[in-house]
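In: Okay, predicted coordinates and the sequence, questions at the end:
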Amino acid sequence: MTTVPAPPAPAVSISPAPPPSFPFRPYLAPLLLIDNSGGVDRQSADMLASLVHNALSPPVVAVPATRPAASAAPPAAPTTGRARTVGLPSAASLQGRLWISSIIYSQSAPPAWATTGSGIPNDVAQHLVVIAAKGDRAAICASDTSVYSALVRAVAGGFSPLNRARMESAFVGNQAKAIWMNGVHAPTAVKPSAKTLMGSALEYAIDPLGDQSFYYSAMRSTVTIDQGGQRTARIVGVSPANARIWIGRPKDWTAFVDELEALIDHAAGAHAGTNLFNALAQRVTDFATVGMPYSVVVLPPELLSENDVSAAQREMAVAWAYDAKLVINRVSAATNMVLAVSLQGLMLGELSITITPQADRHLVEGKWTRRVVDPNPEIAAKQNDARETGLEYLIELGWISIYYDSGHTLTQCQLFRPRFRDAPFDWGVSLDFTGYDVDVEKPEHDKAHPLIRCIAALDKNGKQDTSLFAYVVEQMFKDAKGNRYGWLASDDGSMEFADFVHIDPAAQVVTLVHVKAANSNVATREVSVSAYEIVVAQAIKNLRHLDHRHLADALHKGKHKKIARAVWHNGIRQTNRKGIISAARALRPDYKRRLIVLQPQLTDNEHMACLNGTATAGRIERLKLLSTLLNGARANANNVGAGFLCSRCV
């Protein structure tokens, strides 16, 4: 076979109206681009197809211009060694309202387990690239996702990826199902450098404190997209920095074209975006406040990629991530530094890094300014190979992360800074305690008038109980008609797991309630952190009792205590805990958990005064500290799958 320039005639053709037996059913995972050359429609599609073909081609095996139709396989690839056999791009044709071209190629490589010269036949994979254009917008869908980075570099100048801001506003929605997060904090043994979350609505699972030093590199969320005049909620994956989205494999070619056009149109539209993920680290667009670099590490995104990554590229990622050492030797500015680089114990030399700030992705360039050459030719060859791969992977693919003493981090050619801000606590609906004493936790009682007889009844002085305990019994668990429902029991006393536990068998909800009286009942009482610290600590300490087995065992263990007779069912007092123990044991595996701290210290008026700045600086600072305390409690509750509530007082 002979390496030749690509002939001008198309090698693969796609008819404008493919028959039902049309063999293409690509995965819908486009790279979204803008044509910067002034081309539109067919001109853009043909130009982009030519650039993609050139990027895939070297070395190219000659392909006859009389090649059969698209359904035919590309020419056979060599049986040994690495090779790529690339067909010619089809002439762009109008399908729907998209101008589409395609390229078929075969990738031949030895199996990962075969050694050089083993004679084992190559693995051969057949790949498809679809190029589409509409106006000045374009997209590339490649069945081999490992080529996207090379394609972005190959089309630069004529085409540019959509910027992160547009990708986020268009394709980051709500009800996130998966989030891939990378850390921008300095590497440490006590906090991961990256992590992946999966769930049903992860915007509510983000820890506003612990996750402030992470940004999302990719996400799957629910986005409403207009397709053919019909707005449809779709689960869309997006990698904003890479201008990539992915949905799935449409049922046929026609569906693929229709959905691809809808995505291109959606990306071109104006979208408000979402603020659901503002607790995470945010992107910084310039270096004005960036300090000096103090650490550089290798963090290949391929190790946590949602895409298929070739075995060779993954092996390279592992080698550079775990066996490379980068030491800052000299620094002249935040954007200029010299690194001493070694790989697997082999010193390679000094790598000079220059960063050119740009609007979206900062340009990172590198060159070897000093090379270490071992006298052993075999080792010297390994050093040279490592230096070449170092430039390709560390610089061109953006594998290095640079940490600055100002708290900024440059990663994947983008600059981030952790939030490290005061996250407000979501107080929910304020509670009306009219008729109850907010500064009285439980009714007055003595031996002659034990607590179990005084809760929501007459206290030792013969007065009706108006304490917070009475509020829990009489007001906290009522339906829309005002009727009390479910099982309620008190466990007040030493070694209590909660002041109250409530089980709703119908809705399958378990609630633990921890009660603490306000420091004062005056309407002008001020925010206080200390008023919450003890009760919040007790609540977190007893989270394990939200597990229905622990709860049932604890209720059973304390069934002989005096407080064990403080039980109500649908508002009617019971004589023992048998019913609530049975209800706890009968809960389904998917029951819901909830933790409530009832502390009416903070009023709506005080809260508003702290927010609008009319309160004193000390009170405003205390509200921030209280928010931090309660956000931490919520994060702990969320970690065991429980909701957390703490309400203000009207």
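Out: Sure, I can see it.
In: Please verify my assumption that residue 193 contacts residue 183.
Out: Yes - Residue 193 is within contact range of residue 183, at 4.8 Å (criterion: Cβ atoms under 8 Å). Placement of C-beta: from N, CA and C, glycine included.
In: If you count surrounding residues, which of those two has more?
Out: A count of neighbours by other Cβ atoms under 10 Å puts residue 183 above the other of residue 193 and residue 183, at 23 against 19.
In: Tell me who's in contact with the more buried one.
Out: By Cβ atoms under 8 Å, 6 or more residues apart in numbering, the residues touching residue 183 are 191, 192, 193, 194, 195, 213, 214.
In: what about the nearest residue to the first one once chain neighbours are set aside, distance to residue 357?
Out: Same thing as residue 191. Distances taken as Cβ to Cβ, 6 or more residues apart in numbering put residue 185 closest to residue 191, at 6.3 Å, once the chain neighbours are dropped. According to Cβ to Cβ, to the nearest Å, residue 185 stands 22 Å off from residue 357.
In: between those two, who's got more neighbours?
Out: Taking neighbours as other Cβ under 10 Å, residue 185 and residue 357 compare with residue 185 leading, 17 against 14.
In: and that one, what is it in contact with?
Out: Counting by Cβ under 8 Å, 6+ apart, residue 185 touches 191, 213, 409, 418.
In: hmm, 10 Å instead?
Out: 191, 192, 193, 212, 213, 214, 281, 403, 407, 409, 418, 420 (Cβ atoms under 10 Å, 6 or more residues apart in numbering).
In: What part of this structure, helix or strand, is modelled with the least confidence?
Out: Every helix and strand of the chain was ranked by mean pLDDT, DSSP states H and E. The lowest is helix 311-323, at a mean of 82.
In: and whichever helix or strand comes after it, what's its mean pLDDT?
Out: Going down the chain from helix 311-323, the next helix or strand is strand 324-333, by DSSP states H and E. Strand 324-333 comes out with an average pLDDT of 93.
In: same thing with stretch 267-275?
Out: Stretch 267-275 comes out with an average pLDDT of 92.
In: So which bits of that stretch are buried?
Out: Using 16 or more other Cβ atoms under 10 Å as the burial criterion, the residues of stretch 267-275 that qualify are 267, 268, 271, 274.
In: want to throw those residues into a markdown table with secondary structure?
Out: Listed next are the buried residues of stretch 267-275 as a markdown table, based on DSSP: H, G, I helix; E, B strand; the rest coil:
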| residue | secondary structure |
| --- | --- |
| 267 | helix |
| 268 | helix |
| 271 | coil |
| 274 | coil |
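In: any idea of the mean pLDDT for the helix or strand hosting residue 294?
Out: For residue 294, the element it lies in under DSSP H and E is strand 293-298. Mean pLDDT, computed over strand 293-298, is 88.
In: What of stretch 152-168?
Out: For stretch 152-168, the mean pLDDT works out to 91.
In: now do the same end-to-end measure for that stretch.
Out: Terminal residues of stretch 152-168 are spaced 19 Å apart (Cα to Cα, to the nearest Å).
In: list the buried ones in it?
Out: For stretch 152-168, a neighbour-count test (16+ other Cβ under 10 Å) marks 152, 154, 155, 158, 159, 160, 161, 162, 164, 166, 167, 168 as buried.
In: For the closest residue to the third one other than its chain neighbours, give me its contacts.
Out: If I follow you right, that is residue 155. Leaving aside its chain neighbours, residue 155 sits nearest to residue 51 (4.7 Å; criterion: Cβ to Cβ, 6+ apart). Residues near residue 51 by Cβ under 10 Å, 6+ apart: 89, 131, 140, 151, 154, 155, 156, 157, 158, 159.
In: Contacts only, for the third one.
Out: Contact criterion Cβ under 10 Å, 6+ apart gives 29-33, 48-49, 51-52, 103, 129-132, 147-148, 151-152, 155, 159, 243-244 as the residues in contact with residue 140.
In: does it belong to a helix or a strand, and which?
Out: Going by DSSP H and E, residue 140 is in strand 137-142.
In: Alpha carbons only: can I get that strand in CSV?
Out: The C-alpha trace of strand 137-142 is given here as CSV (Å, rounded to 0.1, in the frame of the first residue of the first chain):
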residue,chain,number,x,y,z
ARG,A,137,-23.3,26.4,13.0
ALA,A,138,-21.7,23.0,12.6
ALA,A,139,-21.4,19.7,14.4
ILE,A,140,-19.2,16.6,14.3
CYS,A,141,-20.4,13.2,15.6
ALA,A,142,-17.6,10.6,15.8
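In: chain center to the helix or strand that that strand is followed by, what's the gap?
Out: Using DSSP H and E, the helix or strand that follows strand 137-142 in sequence is helix 148-155. Centroid separation between helix 148-155 and its chain, computed with Cα atoms, centre = their mean, to the nearest Å, is 25 Å.
In: What of stretch 159-168?
Out: Stretch 159-168 sits 18 Å away from the centroid of its parent chain (Cα atoms, centre = their mean).
In: ok, now stretch 416-430?
Out: Using Cα atoms, centre = their mean, the offset of stretch 416-430 from its chain centre is 18 Å.
In: Lovely, talk soon.
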